[in-house]
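> Curious how this folds, go ahead:
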Amino acid sequence: MRSVANRARSWPVVVLLLLVPLWCVGLFGRNSYWTPDEPREADIAWRMSQQQNRALPMLAEQPFLEKPPLTYWMSGAAIAAFGAAPAIARLPNLLYASLAALAVGCLGFAAAGNRGAIVAALAFGSSFLVYRSLIWLAPDAALLAGISIALLGVYTGFTSPPGRRKLTGYLLMHAGAAIGFMAKSAPGWLVPAIALIALALWERRGSELLRWELYAGFALQALLIGPWLLAVAADPHGTEALRVLFWNNLVGRFVHVDAPLALQYADGHPNYLGKYWLELPIYLLPWSLLLLVAARRAWRAVREPSESRAAWRFAVVACVPWLLLLSLSTTARDIYAGPAVVGAALLIALWATERDALPAADRWAVRGTVVLVVAIASVIVLGLIAFAAAAAMHKQPATSRALAAVTLVLLLGVIVSVGRGGTNAHQSIHGLDRAFVAYFATIVIGAAELMHALTPWYDLPRIASAIHQDVTGSPCALLQPDETTIAMLDYQLDTRCTLLRGREQESTALATNWLEQHGARARLVVKLPGRAPGEVSALLGTLGMRQ
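Purely as a prediction, here's the structure:
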């Protein structure tokens, strides 16, 4: 019994040993802020590190009313303590990522034991969409941590007998929901609430929604969220700020609302029918095929009487209803679907651990997953070779890139040999383990160097510094600026510029009026479409691959 308990306690160590290096590549392997969003988030966090009143985030000295301030508090505190380097601003993301993966692992453990914990946590923490969310300086990482904790609380509370354990589960749900709310507002509440209601109705346990243990945790939410809401309300413009935060920024993303042009959130990122469902395989890369066969198995498992039926149903309600709700929204970004990956990862874990022998029809998914890993590694190899060749053309050192490419080529051979291993189901499942190790090595070895090679493409501080020097002492305006342009000129430079905003067809009139009013010394900053030529584009031109 003791050895079983020790193995049960060991899964968090396995998960963190594999995932933390993977996350660190993305978090700390980029020494600049990348678009989209990171320059804006960096400026807000930097401002937060200097603000006296921290109730409302500020972008270039103007209230930023799209998100509650948890992410900016955490990154601002890191900047205040250790300096304003990109790696420091992203440091709290390592905490969010660890909490999220461990919460999903606990879900997997509760539903499918030690092996289920490892599969669920690894599938979640390394999938394309979640990985991108966790390594990006944005509120989505903290939101994922909160929602993962909340969903763990939902499952624990729902499946526990009345009493202390049920109360503990629902308290955990409320704590996670509060974290999610303070990170990115309503989704922190909506995802666990929808999952709980759907599961209670599906299991025909509507009385669960009336239990006192479920509602006791609202006191905890009031303690965590209430002080911030009171601080915002006490601001001279607090009423307007709350309206923008919880009306324009929430309802305004689902339908058009009457608001100024700058607050018309429904105009950006247009949605289309089936967007999230069509893109779901991309979100789950490289584990997309495993989700497909897991969903096929879930179709039967949610109807068959068994001890695991509730777990299968919970995995479905943790994923499907949120995607359905997002499909009704006027606006859409792939990042919004991140919370649904919790349920998808649990589906994969239940499928992978349900039996010792896989049906013959499912083995193709395991082999196909190996092929996907090979394809991803191949793309990274080609990218490294391209950067190395471009650097060689310009007589720049590229030894590390070439070495990384060679290492990955050798790794491909190992992956292929894994794919050609035994065909019985037991070996196929272990082939997944080795496929993950190969994927892990691909990212740690290849993507780390690829990110380093891409970093000069995002050298916004150099551009901002040059603009700052050009406009110092002169009247300056930004014509139809996006948030990235505003942020990069404000971040540690505090470049003073007037914002010229209006409808697109008014741009010429806005620019003409500004220049006429301020004379020859006036400066106008305009973001032009397209990309500047670089080493790689020169290489492609030499090969006749670029017009």
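
> What segments of the protein are strands?
Listed in chain order, the strands of the chain (DSSP state E) span 58-59, 62-63, 476-479, 498-500, 523-526.

> wait, Ala487 sits on Pro36?
No: using CB atoms under 8 Å, Ala487 is not in contact with Pro36, being 11.3 Å away. Where C-beta positions appear, they are placed from N, C-alpha and C, glycine not excepted.

> If we ignore the residues flanking it in sequence, what's nearest Cys497?
Cys476 (4.5 Å; CB to CB, 6 or more residues apart in numbering).

> wait, Gly108
Nearest to Gly108 is Ala120, by CB to CB, 6+ apart, at 2.9 Å.

> bridging residues for the residue nearest to Cys497?
As for beta bridges, Cys476 partners with Arg523 under DSSP bridges.

> I'd like to know how many residues surround it.
22 (other CB atoms under 10 Å).

> cool, and Thr330?
So Thr330, with other CB under 10 Å, has 16 neighbours.

> Also Thr168?
Thr168: 16 neighbours (other CB under 10 Å).

> ditto for Ala301
Ala301 has 21 nearby residues by other CB under 10 Å.

> which ones are touching the nearest residue to it once chain neighbours are set aside?
Nearest non-adjacent residue to Ala301, counting by CB to CB, 6+ apart: Trp312, 4.2 Å away. Contact analysis of Trp312 by CB atoms under 8 Å, 6 or more residues apart in numbering lists 298, 301-302, 347, 350.

> Switch those residues over to TSV; also include distance to Ser327 and pLDDT.
Formatted as TSV, the contacts of Trp312 follow (distance: CB to CB, whole Å; pLDDT from 0 to 100):
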residue	distance to Ser327	pLDDT
Ala298	20	95
Ala301	24	94
Val302	21	95
Leu347	19	97
Leu350	25	95
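
> Out of the residues you listed, who's the most crowded?
Neighbour max across the contacts of Trp312 (other CB under 10 Å) = Leu347, 27 neighbours.

> residue ranges of the helices in the stretch 201-350 of the chain, please?
212-216, 218-234, 238-243, 275-283, 288-301, 309-317, 320-327, 340-353 (DSSP state H, counting those that start in this stretch).

> can you tell me how far Ala222 sits from Ala234?
Distance, Ala222 to Ala234, using CB to CB, to the nearest Å: 17 Å.

> Let me fix that, I meant to ask about Pro86.
For Pro86, the distance to Ala234 - CB to CB - is 34 Å.

> neighbour count winner among the two?
Neighbour totals were compared for Pro86 and Ala234, and Pro86 leads with 19 against 10 (other CB under 10 Å).

> What mean pLDDT does the biggest helix by length in the chain get?
Counting by DSSP state H, the longest helix found in the chain is helix 91-126. Mean pLDDT, computed over helix 91-126, is 96.

> Tell me which other helices or strands that helix touches.
helix 2-28, helix 70-82, helix 128-135, helix 140-159, helix 309-317, helix 340-353, helix 425-441 (3 or more CB pairs under 8 Å, 6 or more residues apart in numbering; DSSP states H and E).

> Okay, now the unreliable bits of the stretch 401-547 of the chain?
Across the stretch 401-547 of the chain, residues meeting the criterion (pLDDT under 70) sit at 401-406, 409-431, 530-547.

> how about 80 then?
Within the stretch 401-547 of the chain, the stretches falling below the threshold (pLDDT under 80) are 401-435, 452-457, 528-547.

> And for the stretch 201-350 of the chain?
In the stretch 201-350 of the chain, residues with pLDDT under 80: 248-269.

> How about the contacts made by Arg333?
Shown in contact with Arg333 (CB under 8 Å, 6+ apart): His269.

> Identify, from the contacts of Trp312, the entry nearest to Phe64.
Nearest to Phe64 among these: Leu347, at 36.4 Å, using CB to CB.

> Against Gly226, how distant is Ala55?
Between Ala55 and Gly226 the distance is 13 Å, computed by CB to CB.

> Those two: who's more crowded?
Ala55 (19 against 12).

> That one contacts Leu230, correct?
No: contact criterion CB under 8 Å: Ala55 and Leu230 do not qualify, at 9.0 Å.

> which of the strands of the chain sits most buried?
Highest mean neighbour count of the strands of the chain: strand 476-479, a mean of 21 (counted as mean count of other CB atoms under 10 Å).

> who touches it?
Counting by CB under 8 Å, 6+ apart, 485-486, 489, 495-500, 507, 510-511, 514, 522-526 sit against strand 476-479.

> For the longest helix of the chain, buried residues please.
Residues 91-94, 96-126 are the ones in helix 91-126 that count as buried (16 or more other CB atoms under 10 Å).

> do the same with stretch 196-205
Buried residues in stretch 196-205 (16+ other CB under 10 Å): 196-200, 203.

> show me what contacts Leu70?
Taking CB under 8 Å, 6+ apart, one finds 139, 142, 179, 182-183 in contact with Leu70.

> again, 6 Å this time
Contact analysis of Leu70 by CB atoms under 6 Å, 6 or more residues apart in numbering lists 142, 182-183.

> Check the gap between it and Leu250 for me.
On the measure of CB to CB, Leu70 and Leu250 end up 17 Å apart.

> can you check Ala87 too?
Taking CB to CB, one finds Ala87 at 32 Å from Leu250.

> Ok, Pro456 next?
As judged by CB to CB, Pro456 and Leu250 stand 38 Å apart.

> So for the two, which residue has more residues nearby?
Leu250 (16 against 11).

> which ones are touching the more buried one?
Contact analysis of Leu250 by CB under 6 Å, 6+ apart lists Ala186.

> got the contact list for Ala464?
For Ala464, the contacting residues are 488-489, 493, by CB under 6 Å, 6+ apart.

> same thing but 8 Å
488-489, 491, 493, 495.

> of these, closest to Val14?
Of all the contacts of Ala464, Val14 sits closest to Tyr491, with 39.0 Å by CB to CB.

> The residue lying closest to that closest one once chain neighbours are set aside: neighbouring residues, count only.
In space, Tyr491 comes closest to Asp43 once its chain neighbours are excluded; the distance is 4.4 Å by CB to CB, 6+ apart. Residues lying near Asp43 (other CB under 10 Å) number 26.

> was I right about Asp43 contacting Leu493?
No: contact between Asp43 and Leu493 fails when scored by CB under 8 Å: they sit 9.9 Å apart.

> so Asp490 touches Met58, yeah?
No: here Asp490 does not reach Met58: they are 9.5 Å apart, not a contact under CB under 8 Å.

> shared neighbours of those two, anything?
In contact with both Asp490 and Met58: Arg47, using CB under 8 Å, 6+ apart.

> Ile79 - how many residues pack around it?
Around Ile79 there are 22 residues (other CB under 10 Å).

> quick one: contacts for it?
45-46, 49, 88-89.

> which of these are buried?
Counted by 16+ other CB under 10 Å, the contacts of Ile79 give 45-46, 49, 88-89 as buried.

> Setting the sequence-adjacent residues aside, check what's closest to the residue nearest the centre of the chain.
What sits nearest the mean C-alpha location of the chain, by CA atoms, centre = their mean, is Ser133, with 1.6 Å. Leaving aside its sequence neighbours, Ser133 sits nearest to Asp140 (CB to CB, 6+ apart; 4.3 Å).

> That neighbour contacts Ala337, correct?
No: Asp140 is beyond contact range of Ala337, at 10.5 Å (criterion: CB under 8 Å).

> So the two - more neighbours on which side?
Each of Asp140 and Ala337 has its neighbours counted (other CB under 10 Å); Asp140 has more, 27 against 24.

> What distance do you get for the more buried one to Phe128?
In terms of CB to CB, Asp140 sits 14 Å off from Phe128.

> what do you get for Ile197?
Distance from Ile197 to Phe128, by CB to CB: 29 Å.

> again, but for Gly105
On the measure of CB to CB, Gly105 and Phe128 end up 19 Å apart.

> Tell me who's in contact with Ala222.
Per CB under 8 Å, 6+ apart, neighbours of Ala222: none.

> before we move on, what about Gly383?
Applying CB under 8 Å, 6+ apart, the residues near Gly383 are 450, 453.

> change the start of the numbering to 21 and stick with it
All set: I'll call the first residue 21, so the last point we hit is now Gly403.
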